[in-house]
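Student: Predicted model, plus sequence, below.
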Amino acid sequence: MSNIHVLDKHTAELIAAGEVVERPASVVKELIENSIDAGASFVCVEIENGGVSLIKITDDGSGILRDDVPTAFLRHATSKVRVQDDLESIGTLGFRGEALASVSAVARVELLTRTANEMAGTRYVIEGGEERLLEDTACPQGTTIIVRDLFYNVPARMKFLKKDVTEANAVAGVVDCIALSHPEVSFRLIRDGREELLTPGDGLLESCIYTVFGREFSKGMLSVDYRLEGIHIHGFVSKPAAGRGNRTMQHFFINGRYVKTRTAMAALEQAFKGVIMTGKFPSCVLHIDLPPQTVDVNVHPSKIEVRFVNERPVFDTVYYGVKSALQSSPVSVPIQIPETNEYVEKAPTARTTATQTAARTILSDSLHTIDRIRSAESKESVSKPGSVSFRDGGELPYNRPVTVPEIFFEDAMKSETSQDEAAVKAEVPITQEVT
């Protein structure tokens, strides 16, 4: 059995960095969160080769004091948490103090920063966790961090990276989510020298959704704004007719932090139950604001998973909020029907066809009756004065001579004449000619 020994500083930092920095998208996420915590109103992200060759984050935040710059790259160095009680109500995106130390342990990092009260800026260079340079420089207020050659000293991690396109898409997805979590901040993404995203930063979530996902997606959304038991939910959900085949477009944010929460996801889909097609899933961009002491964000190194002290109020707020939005905004699937259709207009209706058939039948029977009566008259076989007799032609239930009173004969002739006139007025074509 080998002896137990303490790892050297460099190896320990590489192991610790592996928990925070998994790929270029992890670096971008940690650095953007630092920019937001610094009060930035504009953040520019520039990457090359999927973020492996270059990651450059520029913001206009408060900056870092010159004396604090070397300390910022030490592990567990932070300005956001001071005592144990601060962990019970975390109101910032970052709090562990591991991001800069982890990134600098596996890449070549250059920092440019200046605060509002400083005349000159600070330039700091660190490679593989070792400080290389600290000097004055000219730069605007804010912070710029340049990360080059990610995982240059960790070949084992480098070989697990995917293609540049895949890594760049992951970075773009992170920027999209953070932009949706803070619509008051303008985000710009430059990918291999080409601008791919620029949000307005006007504080309107709807305009941010329009910029990130496009016009068609934003047009099919319903507004949600609901409060229950001290929890506020606001944002947008998709219309039932805009269901998707997966849950990739479900975005939840808790106190401005992008998270994955099964509680909110289950409440959302339960609210859509019965109004969305089976096998389809709703989309959403929902912000959940609740007291910081009721949620624990210190669960996973990536801080994307959270735990609630009580999940029921969160579930109820999301469920009733989405349900109210669906009920107050009834929607239907639009179907376009042509205003005119020559084939439909010319096609006979069922009522027209039935009327014409009945008219033809009545007219045909009347013509046959007139022919039989006239044939009986021509035979001069009157049985007694004032009456006419003829043999049944099959219409009567017996086959023997019948005497028909003259009054009935006259009524029958009048009835047949009126039916002929009605048929003529109805312009029903007569195929049989009366002689």
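Tutor: Arrived safely, thanks for sending.
Student: and the closest residue to residue 183 other than its chain neighbours, which of the three is it?
Tutor: Spatially, and ignoring its direct neighbours in sequence, residue 183 is nearest to residue 208 (4.0 Å; C-beta to C-beta, 6 or more residues apart in numbering). In short, each C-beta sits where N, CA and C put it, glycine included. Assigned with DSSP: H, G, I helix; E, B strand; the rest coil, residue 208 falls in the helix class.
Student: Just to check, residue 208 is in contact with residue 200?
Tutor: Yes - Residue 208 lies in contact with residue 200 (C-beta atoms under 8 Å); the separation is 7.3 Å.
Student: Need the mean per-residue confidence for stretch 46-64.
Tutor: Averaged over stretch 46-64, pLDDT sits at 95.
Student: Extract the CA atoms of it and return them as CSV.
Tutor: Extracted C-alpha coordinates of stretch 46-64, given in CSV (Å, rounded to 0.1, in the frame of the first residue of the first chain):
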residue,chain,number,x,y,z
GLU,A,46,-15.3,37.6,-28.0
ILE,A,47,-14.1,34.0,-28.8
GLU,A,48,-11.9,32.3,-31.4
ASN,A,49,-11.8,28.7,-32.3
GLY,A,50,-14.6,27.8,-30.0
GLY,A,51,-13.0,29.7,-27.1
VAL,A,52,-9.9,27.4,-27.0
SER,A,53,-7.6,29.9,-28.6
LEU,A,54,-9.1,33.1,-27.2
ILE,A,55,-11.8,34.3,-24.8
LYS,A,56,-12.1,38.0,-24.2
ILE,A,57,-14.6,39.5,-21.8
THR,A,58,-14.9,43.3,-21.6
ASP,A,59,-17.3,45.2,-19.3
ASP,A,60,-17.9,48.7,-18.0
GLY,A,61,-18.3,47.7,-14.3
SER,A,62,-16.7,49.1,-11.2
GLY,A,63,-13.3,47.6,-11.9
ILE,A,64,-10.7,46.1,-9.4
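Student: So what would you say the end-to-end distance of stretch 34-48 is?
Tutor: By C-alpha to C-alpha, to the nearest Å, the extent of stretch 34-48 from end to end equals 21 Å.
Student: buried ones in that stretch?
Tutor: 34-38, 40, 42-48 (16 or more other C-beta atoms under 10 Å).
Student: For stretch 155-164, what is the distance to the chain centroid?
Tutor: With C-alpha atoms, centre = their mean, to the nearest Å as the basis, stretch 155-164 stands 32 Å off its chain's centre.
Student: Is the closest residue in space to residue 289 that isn't next to it in sequence part of a helix or strand, or is it coil?
Tutor: In this structure, residue 289 finds its nearest non-sequential neighbour in residue 232, 4.4 Å apart by C-beta to C-beta, 6+ apart. Under three-state DSSP, residue 232 falls in the strand class.
Student: can you tell me which residues contact residue 232?
Tutor: Residue 232 makes contacts with 226, 288-290, 317, as judged by C-beta atoms under 8 Å, 6 or more residues apart in numbering.
Student: Can you tell me how far the residue nearest to residue 183 is from residue 175?
Tutor: The gap separating residue 208 from residue 175 is 12 Å, by C-beta to C-beta, to the nearest Å.
Student: which SSE is residue 197 in?
Tutor: Assessed by DSSP states H and E, residue 197 sits inside strand 194-198.
Student: actually residue 132, not the one I wrote
Tutor: Residue 132 belongs to strand 130-137, assigned by DSSP H and E.
Student: what pLDDT, on average, does that strand get?
Tutor: In the prediction, strand 130-137 has an average pLDDT of 92.
Student: And the contacts of it?
Tutor: 69-70, 73, 112, 120-126.
Student: And the helices in the stretch 151-300 of the chain?
Tutor: 155-158, 164-181, 205-213, 215-219, 262-271 (DSSP state H, counting those that start in this stretch).
Student: With mean neighbour count, distance to residue 323 and mean pLDDT as added columns, please give those in TSV.
Tutor: As requested, the helices of the stretch 151-300 of the chain are exported to TSV (neighbours: other C-beta atoms under 10 Å; distance: least, C-beta to C-beta, whole Å; pLDDT from 0 to 100):
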stretch	mean neighbour count	distance to residue 323	mean pLDDT
helix 155-158	12	46	85
helix 164-181	20	23	95
helix 205-213	19	20	95
helix 215-219	12	22	90
helix 262-271	19	5	94
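Student: a markdown table please, covering the ones you listed and showing distance to residue 194.
Tutor: Formatted as a markdown table, these follow (distance: least, C-beta to C-beta, whole Å):
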| stretch | distance to residue 194 |
| --- | --- |
| helix 155-158 | 25 |
| helix 164-181 | 11 |
| helix 205-213 | 16 |
| helix 215-219 | 21 |
| helix 262-271 | 34 |
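Student: Quick one, which of these gets closest to residue 79.
Tutor: Judged by C-beta to C-beta, the one of these that comes nearest to residue 79 is helix 164-181, at 20.1 Å.
Student: domains of this structure?
Tutor: What the record gives for the chain is the domain set 9-204, 220-328, 351-425, from automatic domain parsing.
Student: Pipe those domains into CSV and attach distance to residue 212 per row.
Tutor: Below are the domains of the chain laid out as CSV (distance: least, C-beta to C-beta, whole Å):
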stretch, distance to residue 212
domain 9-204, 5
domain 220-328, 9
domain 351-425, 55
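Student: Just list the residues touching the nearest residue to residue 24 once chain neighbours are set aside, thanks.
Tutor: Nearest residue to residue 24 in three dimensions, chain neighbours excluded: residue 51, at 2.8 Å (C-beta to C-beta, 6+ apart). For residue 51, the contacting residues are 23-25, 27-28, 150, 167-168, 171, by C-beta under 8 Å, 6+ apart.
Student: Closest one of these to residue 278?
Tutor: Nearest member of the contacts of residue 51 to residue 278, counting by C-beta to C-beta, is residue 25, at 33.9 Å.
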